[in-house]
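**Q** have a look at this prediction, sequence included:
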Amino acid sequence: MTKLAPESNFSLTSLYQTSQEISTGSEVARRGPQIETGGGLYLVRPSPVFDKGNTSELLTASDIYHESTNESDIFKAHLVIRRARTFLEVSLPLSYAESALDRMRADDQIQGFSNEMRRLSSLRSIGDGFLMIVHSVINGIENRQGLPLSQEQIRNVDKSLKLIYEKPRLTFEDALLAVEDLETNGFSTDPEGVSQLTEWIDTVSDV
Amino acid sequence: MSENPSVFLDTTVLANALLRRDAVGRACLESIQKAKFSETPHYALKEFKAGPLYAWIWLHNKFQETQSLASTVAAMSRIAGTARRNLAGSILGAFNQILETEKNKFTTLAEFANTPNRSLDEVLSDRYRLLSRRRVHDAWRRRRTIVSQVSYPLKCFVEGELLMANGKFNFERLTCPQKGPCALGPLLASQPESLAKLIEVLEKLPPKNENEQRKKVLKSLLRKPKEPLDNNQCRSLGDAVFALLCPSSSVISTTNVKDHLPLAQALNKEVVDPTNKVAPPSQT
């Protein structure tokens, strides 16, 4: 049975805006971090800040989710990675299909996946190891200039996402090893402007 | 000359093999891997560290400092030397066109369309900052293992450690020590006949600042063989070092045949260009 793909209009912005107030009598509650329960439903977890309870002051989203903190970004990353991996999960069996329409659907999933990867690239505070893998995957897909990914490439990309899901704070050196794995199947991970940058360096360094 | 002779790499081939992944880089790397024996003098590592590697480090650190693609490109356009400003400018023009396309791919997303330009600029600059970081990291790690041997060790050249502080790369030293023994001078001065031949050929070449400087240092080495070279003199020697140190059983491998050839021929040595059959990289 084919799983339903996540909706492609998912927006991180909705995750950032988690401070909607819920008033119950004199009590002021706030929505805390959301846990995805599957099927597009989210469980609202009470905020630990609220539990400590100074109810006289209204809290804002930034009190709870500092945009610059790692923890907040890692939480967002986990949600987005899960969505991204679902796109891959749906795409993989379709990419084996004999029907051209199925293969088109597989390719559509990768486009949705690419958008999730770009969302991940905004979570800059997590670290260079994390970003190295995210940007390598984005670049690799862009460098294929619309050509569908092979099954092997889908599997390798998924493997690298699993890695940053489990170890978002991995070191840069560990990330490079993962990127080398990605590159084994002709998946070129440098950004498009690399040749111009290299030419510029050669021109100015004048050996 | 045998099909796969032993090669003596100059800094251009070493740098291409370590820093480039395009057709030029691959051709240089393959020529090293196919060679019966490959070596490069320690002097090439010194030039590499102070030249192309330093340029990548500068670029990385600029991305880190500005956290902005636009600001870094602006800094790059100011940095190119006068002699090559036009060429560097046209390369940056092509680079800017690519960046514009990359930017458009991101702005189709609601998150980036509604955020200030600054944050998109930061995200896009990460792509190139991380590319630079990877290039520097990989090149420095492979600098000695890429060849069979790094020969003619220079005690005065400290390779040093590539350190990272506050997100920026740093080497403790890029130049010759202010005071202390010079290892290169005595090594070259022990070949007075070859020095004289190089001076002779340089006299015949069309006047060029680079050749004039080189000739001056070679003459100084002949006159005062025990006098240490300073950093500028050491740098000025450049191609002459490879002609003098290349063993007679090897060929000099360089992408700059034009400058190396007269010097090598004066000492009865051969020069090859591993990129000879490689088309120049596209700049569109």
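**A** Perfect, thanks for sending it. Only a predicted model underlies this, so the values are computations on that prediction, with no experimental measurement involved. Residues are numbered from 1 along each chain as shown, chains lettered A, B, ... in the order given.

**Q** could you use CA atoms for every contact and neighbour count after this?
**A** Fine.

**Q** which residues of chain A fall in strands?
**A** Using DSSP state E, the strands of chain A run over A:21-24, A:27-38, A:41-46.

**Q** same deal with chain B?
**A** B:6-9, B:38-41, B:149-151, B:163-165, B:168-170, B:250-253, B:271-272.

**Q** present the ones you listed as TSV; the columns should include mean pLDDT.
**A** Shown next, in TSV, are the strands of chain B (pLDDT from 0 to 100):
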stretch	mean pLDDT
strand B:6-9	96
strand B:38-41	97
strand B:149-151	97
strand B:163-165	91
strand B:168-170	93
strand B:250-253	96
strand B:271-272	95
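
**Q** residues contacting residue 140?
**A** Since you didn't name a chain, this refers to chain A. Residue A:140 is in contact with A:187, A:188, A:189, A:190, A:191, counting by Cα atoms under 8 Å, 6 or more residues apart in numbering or on different chains.

**Q** could you do chain B instead?
**A** By Cα under 8 Å, 6+ apart, the neighbours of residue B:140 are residue B:162.

**Q** which secondary element of the chain has the worst mean pLDDT?
**A** Going with chain A. strand A:21-24 (a mean of 32; mean pLDDT, DSSP states H and E).

**Q** think we crossed wires, I meant chain B
**A** helix B:110-113 (a mean of 68).

**Q** stretch A:166-175 and chain B, are they touching?
**A** No: for stretch A:166-175, no contact with chain B is found by Cα under 8 Å from any Cα of the partner chain; the gap never falls below 8.8 Å.

**Q** the contacts of residue A:140 also near chain B: which ones?
**A** A:190, A:191.

**Q** same list, the contacts of residue A:140, but as JSON lines with neighbour count and pLDDT please.
**A** Output for the contacts of residue A:140, formatted as JSON lines (neighbours: other Cα atoms under 10 Å in any protein chain shown; pLDDT from 0 to 100):
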{"residue": "A:187", "neighbour count": "23", "pLDDT": "93"}
{"residue": "A:188", "neighbour count": "20", "pLDDT": "94"}
{"residue": "A:189", "neighbour count": "23", "pLDDT": "96"}
{"residue": "A:190", "neighbour count": "23", "pLDDT": "95"}
{"residue": "A:191", "neighbour count": "21", "pLDDT": "94"}
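
**Q** nearest to residue B:15, of the contacts of residue A:140?
**A** residue A:190 (18.1 Å; Cα to Cα).

**Q** show me what contacts the closest residue to the closest one other than its chain neighbours?
**A** Closest residue to residue A:190 apart from its sequence neighbours, by Cα to Cα, 6 or more residues apart in numbering or on different chains: residue A:139 at 6.1 Å. By Cα under 8 Å, 6+ apart, the contact set of residue A:139 is A:188, A:189, A:190, A:191, A:192.

**Q** surely the first one meets residue A:142?
**A** By that I understand residue A:188. No: in this structure, residue A:188 is not within contact of residue A:142 by Cα atoms under 8 Å, at 9.3 Å.

**Q** ok, so of the contacts of residue A:140, who is nearest residue B:126?
**A** residue A:191 (10.5 Å).

**Q** backbone dihedrals for that closest one, please?
**A** Main-chain dihedrals, residue A:191, degrees, to the nearest 10: phi -70, psi 160.

**Q** residues in contact with it?
**A** A:136, A:139, A:140, A:143, B:127, B:128, B:131.

**Q** which of the residues you listed ranks first by neighbour count?
**A** Counting neighbours by other Cα atoms under 10 Å in any protein chain shown, the top entry in these is residue A:136, with 28 neighbours.

**Q** what's the closest non-adjacent residue to that one?
**A** Nearest to residue A:136 is residue A:189, by Cα to Cα, 6+ apart, at 4.6 Å.

**Q** could you do residue B:89 as well?
**A** Residue B:89 sits nearest to residue B:77 (Cα to Cα, 6+ apart), 6.5 Å away.

**Q** count of neighbours near the one you found?
**A** Neighbours of residue B:77 using other Cα under 10 Å come to 18.

**Q** ok, now residue B:167?
**A** Residue B:167, neighbours per other Cα under 10 Å, totals 13.

**Q** that one contacts residue B:62, correct?
**A** No: under the criterion of Cα under 8 Å, residue B:167 is not in contact with residue B:62, lying 10.6 Å apart.

**Q** check contacts around the residue nearest to residue B:89.
**A** B:88, B:89, B:92.

**Q** please apply the same query to residue B:267.
**A** So residue B:267 contacts B:194, B:197, B:198, B:243, B:244 (Cα under 8 Å, 6+ apart).

**Q** between the contacts of residue B:77, which has the most around it?
**A** residue B:88 (25 neighbours).

**Q** residue A:206 is in contact with that one, correct?
**A** No: counting by Cα under 8 Å, residue B:88 stays clear of residue A:206, with 11.6 Å between them.
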